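1. no letters, just coordinates:
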């Protein structure tokens, strides 16, 4: 099956710093990638839809200036959490659309802890 | 928008059968999916139903009734490794975004 690689898997940073998370589709081209956020024991909440070569579409309530998304190529999307604060601590997961609309392929997730 | 409801927890013994129900509301239904997520891991795709009926994949089966806005995931011959969270998800016809239910934590006991 398709493989989506996400790095880093875990990051601890100080409040006020920025953190970049990379999501790569390794064996297929992904024109659309999705970024989700998940708190412990909760569901996955869609943050934004990342489209190659165009601006990301953010869900209601998600600050686009705080969560910068860049989808510069068909295999790479990045999420940058700018000026991170403790409340941004969460599990961030990217996903890519496969050849059909039936399934998403997920990265392994990034556990962000902001001190 | 979409909303989904599924039970929060289910506990069963090895070898048993578990059914996880999911009801949904959506403005444009495209399909119902099921994903499995182990603690600390990423969700993995289990099944997809776009049409009414039962889809069987090994020990796991998924059912959909579009007229009832209802589906279920059936886990048979439960094994310890099946202990995980299971999410139903609906895809919106208009923008293809996938929205997830709150998840059902399945605990398998020896």
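-> Sure thing, it's come through. Computed from a predicted structure; not experimentally measured. Numbers count the residues shown, from 1 in each chain, chains lettered A, B, ... in the order given.
2. count of neighbours near residue A:3?
-> Neighbours of residue A:3 under the rule other Cβ atoms under 10 Å in any protein chain shown: 12. Every residue, glycine included, has its C-beta placed from N, CA and C.
3. thinking it is in contact with residue A:108, fair?
-> No - checked against Cβ atoms under 8 Å, the pair residue A:3 and residue A:108 is beyond contact range at 10.1 Å.
4. where does chain A dip in pLDDT?
-> Applying pLDDT under 70 to chain A flags residues A:1, A:98-101.
5. near chain B, which residues of it show up?
-> A:6, A:32, A:34, A:41-46, A:49, A:93, A:95, A:97, A:101-109, A:111 (Cβ under 8 Å from any Cβ of the partner chain).
6. out of these, which end up buried?
-> A:6, A:32, A:34, A:43-46, A:49, A:93, A:95, A:97, A:102-107, A:109 (16 or more other Cβ atoms under 10 Å in any protein chain shown).
7. next step: these restricted to strands.
-> Of the positions in these, A:6, A:32, A:34, A:44-46, A:49, A:93, A:95, A:97, A:104-106 sit in strands, assigned by DSSP state E.
8. tabulate those residues (JSON lines), appending distance to residue B:81.
-> Shown next, in JSON lines, are those (distance: Cβ to Cβ, whole Å):
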{"residue": "A:6", "distance to residue B:81": "23"}
{"residue": "A:32", "distance to residue B:81": "32"}
{"residue": "A:34", "distance to residue B:81": "27"}
{"residue": "A:44", "distance to residue B:81": "22"}
{"residue": "A:45", "distance to residue B:81": "27"}
{"residue": "A:46", "distance to residue B:81": "28"}
{"residue": "A:49", "distance to residue B:81": "33"}
{"residue": "A:93", "distance to residue B:81": "21"}
{"residue": "A:95", "distance to residue B:81": "23"}
{"residue": "A:97", "distance to residue B:81": "28"}
{"residue": "A:104", "distance to residue B:81": "22"}
{"residue": "A:105", "distance to residue B:81": "21"}
{"residue": "A:106", "distance to residue B:81": "19"}
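9. what sits against residue 73?
-> Answering for chain A, as no chain was given. By Cβ atoms under 8 Å, 6 or more residues apart in numbering or on different chains, the contact set of residue A:73 is residue A:52.
10. that's the wrong chain, I meant chain B
-> B:19-20, B:22, B:34, B:46-47, B:60-62, B:86, B:88.
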